[in-house]
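Visitor: only the shape, not the letters, is given here:
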């Protein structure tokens, strides 16, 4: 069964902004779901309306009944949240393509003594192939930071360095302390600075697009803030893509045993 972990988590995007990437043909939707099932792809599931996420995978796809089985959590409190959810927003990657779909009213069941959830096959599925959504998860051993000017009690601002969880040509996901109530979806921050290795700090403007609560293995609560670049200086996107490509090459080399 799935364990709760931060590795591989991918944030959802808004359906209303990506209408042209939606699949509605039942056969095409089942083909994508079957590929996720065959590869045992990691899925990040977001129960609504709670700000929570848990890693899971598809267990079975029954085309005759139009039902899906999805893995439960090893943690019973998480299973109770799922059981009470109106729906799950599920996010995954398939051949570096962003996959997203919604599962309505999950019903708890048991498979071989383990918790699972049964739900109907989704009626639509987002398959997003735009380049900027190919996200690089930033290694903990080679951290990145992004500074945001946040208000102090005296009305002034001070730069707060936040750890970058992942990065793409379109934005970053940031680890935000739980005690920062000033972080709200669609709030925009000017005069931010992204710190890439071997480069000058990049000035930019960010808009928060999503916020998700997450609890680490040490019990520490943080928020994952998905942020969109709303203004970049000339040449900044090239620097970001160059960094992503370099890190991908290093990762591939390590996997092949070259480095």
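Guide: Thanks, I have it. The shown structure was predicted, so the numbers you read here are calculated from the model rather than taken from an experiment. Numbering: from 1, shown residues only.
Visitor: quick one: pLDDT of the closest residue to residue 22 other than its chain neighbours?
Guide: Spatial nearest neighbour of residue 22, chain neighbours left out: residue 124 (5.2 Å); criterion: C-beta to C-beta, 6 or more residues apart in numbering. C-beta coordinates here come from the backbone N, C-alpha and C atoms, glycine included. Predicted confidence (pLDDT) at residue 124: the value is 93.
Visitor: neighbouring contacts of stretch 32-46?
Guide: Contact with stretch 32-46 is made by 8-12, 23, 52-61, 68, 70, 82, 88-94, 99, 101, 103, 121, 125, 127, 212, as judged by C-beta atoms under 8 Å, 6 or more residues apart in numbering.
Visitor: the nearest residue to residue 171 once chain neighbours are set aside - how many residues pack around it?
Guide: Sequence neighbours aside, residue 228 is the residue nearest to residue 171 in space, at 4.3 Å (criterion: C-beta to C-beta, 6+ apart). Using other C-beta atoms under 10 Å, the number of residues around residue 228 comes to 18.
Visitor: from the contact counts, what lies against the helix or strand hosting residue 228?
Guide: With secondary structure defined by DSSP states H and E, residue 228 is part of strand 221-231. Identification of packing neighbours for strand 221-231 by 3 or more C-beta pairs under 8 Å, 6 or more residues apart in numbering; DSSP states H and E yields strand 171-177, strand 202-215.
Visitor: what's the domain layout of this protein?
Guide: Dividing the chain into domains by automatic domain parsing, as the record does, gives the ranges 15-129, 136-256.
Visitor: what about residue 54, distance to residue 35?
Guide: 22 Å (C-beta to C-beta, to the nearest Å).
Visitor: oh, I was asking about residue 123
Guide: Taking C-beta to C-beta, one finds residue 123 at 18 Å from residue 35.
Visitor: which one's more surrounded, the two?
Guide: residue 35 (15 against 12).
Visitor: what secondary structure does the more buried one sit in?
Guide: Classification of residue 35 into helix, strand or coil gives helix, according to DSSP: H, G, I helix; E, B strand; the rest coil.
Visitor: pLDDT wise, what is it at?
Guide: If you check residue 35, the pLDDT there is 94.
Visitor: right, and residue 63 touches residue 27 too?
Guide: No. Between residue 63 and residue 27 there is no contact under C-beta atoms under 8 Å: 9.7 Å.
Visitor: quick check: the residue of the chain most remote from its centre vs residue 182, distance?
Guide: Most distant from the centre of the chain: residue 154, at 34.8 Å, with distances by C-alpha atoms, centre = their mean. When distance is defined by C-beta to C-beta, residue 154 is 14 Å away from residue 182.
Visitor: same thing with residue 89?
Guide: Using C-beta to C-beta, which is the criterion applied here, residue 89 is 25 Å from residue 182.
Visitor: which SSE is the closest residue to residue 201 other than its chain neighbours in?
Guide: The shortest distance from residue 201 to any residue other than its chain neighbours is 4.1 Å, reached at residue 193 (C-beta to C-beta, 6+ apart). Here residue 193 sits within strand 188-195, counting by DSSP H and E.
Visitor: contacts for that strand?
Guide: For strand 188-195, the surrounding residues in contact (C-beta under 8 Å, 6+ apart) are 144-149, 159, 161, 164, 172, 201-208, 230-231, 240.
Visitor: quick one, that strand and strand 202-215 angle?
Guide: Computed by axes from the mean of the first three to the mean of the last three C-alpha atoms, to 10 degrees, the angle separating strand 188-195 from strand 202-215 equals 100 degrees.
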